[in-house]
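Enquirer: with the input below, show me the fold.
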Amino acid sequence: MILLPGIQAGPGEMAPLAAVFGPEARVIALPSSEADRLPAIAAELEATLPPGAHDFVAASFGALLVWALPPGRVRSLVAIGALPWRTAAAARSGRAGAVLPWLPEAFYRPLYQRRIRASLVADGASPALADAATPPPRRVLAARLRAIAAWNLPPRPPAPCAWLWGADDPWVTWTAAEVQARGLTPLVVPGRHRPHVERPEAVAAAIAAWRGGG
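Expert: I've put the predicted structure just below:
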């Protein structure tokens, strides 16, 4: 099983879930790519994967990269807190991605360090995990934001998918019925945007139930 983090916090955010899954889980960092299209970033990710098809559990931006992988590389996908389609939030990310490269590095680093730490703490992270998180390079984050805005994804992810989110996730604007209508399995668990940090046992149980057929 491959675990992928979201857009900002880095692979450390998957540590609580990896601890629950144990040796079967392998955390892989996202590419530090300045490409601004999801398929291009996904191609760089694919080059770091072991051969064959894999079961993925991916947070947010990481799930979009799995969506962009060739079908033969994905056996299943559990997307945590990820956009299930191109929402208004995706369009707004493009505007942020256009502005961010012009932000001075001396201002960007402490600002985003504080933002990431605050968001992790709000999502139930321990102080040690929150303090260890560092933002990606400014141009890398900007490229990721522009890639979300451009979308460039196939109509559906390449394998059986579950769309999982926290019941109190402030970023979720979709319903379970809407997700199901797209042919995806909705899984709602306790927590906010990173339930895999706040409630890793509940997330692991929901994933195991889905993979086991109920």
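Enquirer: any buried residues in the least confident helix or strand in the chain by mean pLDDT, and which?
Expert: Here the helix or strand of the chain ranked lowest by mean pLDDT, DSSP states H and E is helix 88-99, holding a mean of 89. For helix 88-99, burial by neighbour count (16 or more other CB atoms under 10 Å) applies to 90, 93-94, 97. Any C-beta I mention is one placed from the backbone N, CA and C, and that applies to glycine too.
Enquirer: how about stretch 11-31?
Expert: 11-18, 20-21, 25, 27-28, 30-31.
Enquirer: now the least confident helix or strand of the chain, how far from the chain's geometric center?
Expert: Distance, stretch centre to chain centre, for helix 88-99: 17 Å (CA atoms, centre = their mean, to the nearest Å).
Enquirer: equivalent analysis for stretch 201-214, please.
Expert: Distance of stretch 201-214 from the chain centroid (CA atoms, centre = their mean) equals 18 Å.
Enquirer: for it, buried residues please.
Expert: Neighbour-count burial for stretch 201-214, counted by 16+ other CB under 10 Å, picks out 202-204, 206-207, 210.
Enquirer: which other helices and strands contact the longest helix belonging to the chain?
Expert: Across the chain, the longest stretch assigned as helix under DSSP state H is helix 105-122. Under the contact definition 3 or more CB pairs under 8 Å, 6 or more residues apart in numbering; DSSP states H and E, helix 105-122 sits against helix 127-132, helix 138-150.
Enquirer: how many residues are close by the closest residue to Gly191 other than its chain neighbours?
Expert: Computed as CB to CB, 6 or more residues apart in numbering, the closest residue to Gly191 that is not its neighbour in sequence is Gly166, at 3.4 Å. Neighbourhood size, Gly166 [other CB atoms under 10 Å]: 26.
Enquirer: for Gly166, list the residues it contacts.
Expert: 81, 172, 188-195, 198-199 (CB atoms under 8 Å, 6 or more residues apart in numbering).
Enquirer: Gln113: which of those residues is nearest?
Expert: The shortest approach to Gln113 among the contacts of Gly166 belongs to Arg194, at 17.1 Å (CB to CB).
Enquirer: how much space between the closest residue to that closest one other than its chain neighbours and Ala162?
Expert: Counting by CB to CB, 6+ apart, Arg194 lies nearest to Asp123, which is 3.8 Å off, once chain neighbours are set aside. Asp123 sits 20 Å away from Ala162, going by CB to CB, to the nearest Å.
Enquirer: nice, that's everything, thank you.
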